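Colleague: model the following, please.
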Amino acid sequence: MRLSIRGILVLVFSLLLSACSGAILTTKDPSQRVLVYGSLDMSRSGNAVKDLVVKSNQKMPTAAGGRFSLYRFPQDGFYTVKDLLPGYTYKIIGFRSLDTAYYFEDKRPKEFDFQPGPADMVYVGAYQYVPHKRTAKEVLSDSGMFSLELDTKLPESEVLRKIRKTVSDAHWERRIDERLRQLGKR
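Modeller: From the prediction side, this is the model:
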């Protein structure tokens with residue numbers, strides 16, 4: 001009996017380690033760090049979104065399919081993905097609440113697929129969640145259709161001002177200030 005409990009614990013521990021190895025690799029090298037930012041108003045979803053799901057084509061040490069990470073999705077919808085490595089292809093593939101996942105599949109905005117260069121700041125846009133009518137089957141399975149609509153009233157400069165208050169990183173605060181100055185000259 002004792003041996004099987006140890007075996008189960010080893011198996012659980014191994015699964016946890018393998019799950020951790022799936023995370024997107026990042027860097028703190030100032031000449032390489034990439035920042036991705038945007039806004040998504042999920043107020044019409046009826047759920048508090050908790051995580052942004054990002055996938056990368058970075059090689060996995062054991063399995064094919066690339067890496068993915070979950071990034072905290074702020075309640076106000078102004079999000080950042082900090083310190084990505086340049087040279088890889090990244091995709092924002094969805095959002096998750098505690099009980100619901102919103103995956104975009106092939107209907108995601110083209111800006112949600114990007115391949116940043118060294119030290120890039122990538123603005124993926126400001127969007128609003130738009131629910132579609134759901135069938136009874138979709139309601140029972142907790143799935144349904146939705147789309148994302150570009151929020152043309154929210155400029156990049158406003159998104160930057162909002163995220164600057166939350167980045168808590170002198171490097172990114174400086175880079176955001178530089179970008180705001182560039183946008184002010186337009």
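
Colleague: in the longest strand along the chain, what counts as buried?
Modeller: With DSSP state E setting the assignment, residue counts place strand 121-131 as the longest strand in the chain. Of the residues in strand 121-131, Met121, Val122, Tyr123, Val124, Gly125, Ala126, Tyr127, Gln128, Tyr129 count as buried by neighbour count, 16 or more other C-beta atoms under 10 Å. (Each C-beta comes from the backbone N, C-alpha and C, glycine too.)

Colleague: tell me how many other residues crowd Ile92.
Modeller: Around Ile92 sit 23 other residues, with neighbours defined as other C-beta atoms under 10 Å.

Colleague: dump the residue contacts of the spatially most central residue of the chain.
Modeller: In the chain, the C-alpha closest to the average C-alpha coordinate belongs to Leu52, at a distance of 3.6 Å (C-alpha atoms, centre = their mean). Neighbour list for Leu52: Leu70, Tyr71, Arg72, Phe73, Tyr79, Val81, Ile92, Phe95 [criterion: C-beta atoms under 8 Å, 6 or more residues apart in numbering].

Colleague: what is the neighbour count of Leu148?
Modeller: Neighbours of Leu148 under the rule other C-beta under 10 Å: 19.

Colleague: so Tyr88, which state does it fall into?
Modeller: Using DSSP: H, G, I helix; E, B strand; the rest coil, the structure places Tyr88 in coil.
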